[in-house]
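Undergrad: What follows is a predicted structure for the sequence shown.
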Amino acid sequence: MKTQSFILSLLLCLLNIPQIQAYTERNLLQKSIASPDELKPLLILNQRWVPYPEYSDREGWKQLLKEHREALITQGEKALKHEWKVVKATDYLEFERSGNRAIMETPLGENNRALVQLFIAELAEGKGRFVDQLINGVFQACEMTSWSLSAHLNAQRSRRSLPDYKENIIDLTSGDMGSLLSWVYYYFHTTFDKINPAISERLAFELRKRILDPYMNEDRFWWMAVNYKPGKLVNNWNPWCNSNALQCFLLLENDPDKLAAAIHRSMVSVDKFLNYTHSDGACEEGPSYWGHAAGKLYDYLQLLSLGTGGKVSLFDQQIVRNMGEYIARSYVGNGWVVNFADASAKGGGEAPLIYRFGKAVNSDLMKSYAGYLNGKLSTEERNKEVLSWGRDIFRGLESFRFEEELNSVQTPFEVPSYSWYPETEFCYMASKGGLYFAAKGGYNNESHNHNDAGSFSLWLHTQPVIIDAGVGTYTRQTFSSERYSIWTMQGNYHNLPMINGVPQQFGSRFKATEVQFNPKKQTFSAQLATAYPEQAYVADWVRTYKLTKEALHITDNYRLTEVNDKNRINFMSWGEIDNSTPGKVKIKTGDAQVVLEYNKQTFDTEIETIPLSDPRLSTVWGAKIYRISLVAKQPTQSGTYTYIIKKL
């Protein structure tokens with residue numbers, strides 16, 4: 001494998017860097033443009049920034065959509081038969097009653113999908129055949145009390161899941177719908193006016209009431225971080241919601257003073273996300289959230305660049321490039337990625353988005369990775385991706401705009417031999433023997449947190465053998481005080497010790513410390529005692545990982561202040577498990593086979609089978625996974641445990 005050393009690791013790889021919660025007052029956007037007055041003369045007004053053909057430009061749409069045009073029209077024809085769904089009051093209430101989100105989200109999602117399909121089909125064909133049904137969808141959306149999800153309506157002053165007609169909440173979905181309907185307005189308001197001016201008038205009214213006015217007048221949306229206090233979370237919601245709001249203003253607002261004020265307000269807000277993010281650029285939410293976090297930051301910055309003719313841009317900033325490259329550096333191979341927190345172990349990201357981001361920040365790593373992902377798709381799979389836009393009009397249109405460039409990428413992609421994120425404390429290493437190792441330090445209050453400071457995963461020939469399970473389907477419990485009653489969130493279902501029978505605990509003060517990485521020796525170590533509560537009675541627990549060509553060596557040096565229970569060392573896995581031989585646990589997943597060796601005089605083994613009925617987990621791991629527990633035979637106050645995971 002080709003060594004592509006991460007620039008920060010050259011400076012910091014041997015330093016002991018304590019984990020602190022990120023927030024650095026960079027304010028990169030505000031430093032580039034200090035005020036709305038400074039921004040105003042840079043704006044391209046009256047939607048002249050839009051880089052796509054006019055509705056009437058039939059040849060332009062043929063050139064943009066190319067071979068996808070007929071498939072998009074065919075898909076739109078199916079949406080002509082769509083029966084617009086009513087999201088009932090009881091659908092919203094179900095979130096409070098049982099925690100079920102899908103019962104409300106499913107009909108809303110079906111309506112939005114039909115809207116997108118009709119929208120792009122009409123742009124592709126241009127004959128007016130889809131306009132009436134598109135109007136039906138627009139009016140159906142305008143008649144809804146809220147565009148927000150039941151799970152997010154606790155932002156209302158009522159704190160309830162039933163929409164309150166007296167206020168409008170901007171969440172991920174209402175923002176998505178706002179940007180979608182803003183594109184509908186931009187392209188079709190003239191066409192609608194020929195049928196009845198009330199259609200466009202109503203749509204513009206609802207967009208202003210639901211998005212433009214709340215965005216400018218409300219400071220209480222947590223994701224805006226208007227009155228940010230250190231220690232508070234700023235996650236993917238910030239660039240996601242801000243990129244949607246920016247689209248709405250760029251497509252609807254033609255008063256230069258109001259547009260400048262709105263865009264500068266968004267810059268102040270997005271600065272809070274950039275301030276919160278570590279300069280190493282890692283996504284603490286894991287690769288599944290990269291497209292919603294760093295990817296949405298790219299969307300926001302690209303829109304900002306388009307709206308100012310390239311005069312406002314952060315694509316030359318190292319932190320932005322680092323954030324982009326995280327997705328390429330988290331790829332293991334064969335569809336598997338390094339996953340922490342709520343991220344899935346499968347899915348390498350969207351090739352078109354990764355390519356555009358890589359082009360913007362001039363990253364050969366990202367562009368070659370995008371070309372690799374794109375090259376793995378058959379023509380049928382590429383068409384399928386094109387047909388599954390979701391609500392994201394901007395990303396879809398941008399993908400068409402850059403498709404030829406992406407298809408021409410020839411540079412081969414090679415997985416970096418190691419990546420080190422010294423502030424986020426993510427460490428990835430690959431051995432020449434086909435082993436790939438990932439571990440994290442961090443703290444137990446990260447975005448989408450699991451109690452997993454010091455945990456690790458291991459792959460052999462890109463096949464997972466020691467795993468991070470991920471997370472199940474989101475319910476009310478997932479983001480509530482009940483979160484850590486869910487087994488996937490708990491430290492005892494990660495690859496970590498239970499000390500004195502006690503797992504890691506949630507909270508910012510529970511963290512890995514004394515984190516060190518040495519790329520030459522291929523070692524990663526951390527003090528884990530600081531991630532456990534007082535009842536664990538642990539003074540020291542230093543875990544060290546050393547990767548060699550043929551094995552991963554793990555050492556736990558520990559010292560307890562009291563001994564109350566047996567220590568348990570947990571390893572999560574899947575596939576076939578054989579612990580019939582004392583001192584060895586064989587693990588076979590596909591063609592990959594390893595053996596976990598331990599001191600049979602020190603430990604007994606227990607194997608727990610965990611059935612997976614949740615499809616979000618079972619589609620990745622199958623019907624079940626396993627927790628392998630090494631249980632200390634004799635509790636001792638101090639000592640050293642060693643375990644080796646070898647190739648077979």
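TA: In hand now; what should we look at?

Undergrad: With adjacent residues omitted, what lies nearest to residue 334?
TA: Closest residue in space to residue 334, ignoring its immediate chain neighbours: residue 462 at 4.2 Å, by C-beta to C-beta, 6 or more residues apart in numbering. No exception for glycine: its C-beta is placed from N, CA and C like everyone else's.

Undergrad: need the contact list for that neighbour.
TA: Shown in contact with residue 462 (C-beta atoms under 8 Å, 6 or more residues apart in numbering): 332, 333, 334, 336, 436.

Undergrad: Next one, pLDDT for it please.
TA: Note on residue 462: pLDDT of 96.

Undergrad: and the gap between the residue nearest the centre of the chain and residue 399?
TA: Nearest to the geometric centre of the chain sits residue 289, at 0.4 Å (C-alpha atoms, centre = their mean). From residue 289 across to residue 399, the span is 20 Å (C-beta to C-beta, to the nearest Å).

Undergrad: do residue 505 as well
TA: 43 Å.

Undergrad: What are the buried residues along stretch 53-71?
TA: Neighbour-count burial for stretch 53-71, counted by 16 or more other C-beta atoms under 10 Å, picks out 53, 55, 61, 64, 65, 68, 69, 71.

Undergrad: and what of stretch 32-41?
TA: Neighbour-count burial for stretch 32-41 flags 32, 33, 36, 39, 40 (criterion: 16+ other C-beta under 10 Å).

Undergrad: now, which of those lie within helices?
TA: Of the positions in the buried residues of stretch 32-41, 32, 36, 39 sit in helices, assigned by DSSP state H.

Undergrad: Throw the residues you listed into a markdown table and include distance to residue 245, thanks.
TA: Listed next are those as a markdown table, based on distance: C-beta to C-beta, whole Å:
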| residue | distance to residue 245 |
| --- | --- |
| 32 | 19 |
| 36 | 15 |
| 39 | 15 |
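
Undergrad: Among these, which one lies nearest to residue 167?
TA: Distance to residue 167, by C-beta to C-beta, is smallest for residue 36 among these, at 26.1 Å.

Undergrad: Am I right that the closest one is in contact with residue 258?
TA: No. Between residue 36 and residue 258 there is no contact under C-beta atoms under 8 Å: 9.3 Å.

Undergrad: three-state assignment of residue 558?
TA: Of the three states, residue 558 takes strand under DSSP: H, G, I helix; E, B strand; the rest coil.

Undergrad: isn't it right up against residue 536?
TA: No. Counting by C-beta under 8 Å, residue 558 sits too far from residue 536 to count as a contact (10.5 Å).

Undergrad: Mutual contacts of those two, please.
TA: Shared contacts of residue 558 and residue 536, defined by C-beta under 8 Å, 6+ apart, are found at residue 499.

Undergrad: Who has more neighbours out of the two?
TA: More crowded of residue 558 and residue 536, by other C-beta atoms under 10 Å: residue 536, with 26 against 21.

Undergrad: which ones are touching that one?
TA: Counting by C-beta under 8 Å, 6+ apart, residue 536 has contacts 499, 500, 502, 529.

Undergrad: okay, residue 381: pLDDT?
TA: At residue 381, the model reports a pLDDT of 81.

Undergrad: residues near it, how many?
TA: Residues lying near residue 381 (other C-beta under 10 Å) number 10.

Undergrad: Quick check: bridge partners of the nearest residue to residue 544 once chain neighbours are set aside?
TA: Excluding the flanking residues, the one nearest residue 544 by C-beta to C-beta, 6+ apart is residue 525, at 4.1 Å. In this entry, residue 525 is beta-bridged to residue 516, residue 544, by DSSP bridges.

Undergrad: In contact with residue 525, which residues?
TA: Here residue 525 is in contact with 514, 515, 516, 542, 543, 544, 545 (C-beta under 8 Å, 6+ apart).

Undergrad: Give me the buried subset of the residues you listed.
TA: Neighbour counting by 16+ other C-beta under 10 Å classes 514, 515, 516, 542, 543, 545 among the contacts of residue 525 as buried.

Undergrad: Against residue 604, how distant is the last one?
TA: Counting by C-beta to C-beta, the gap between residue 545 and residue 604 amounts to 24 Å.
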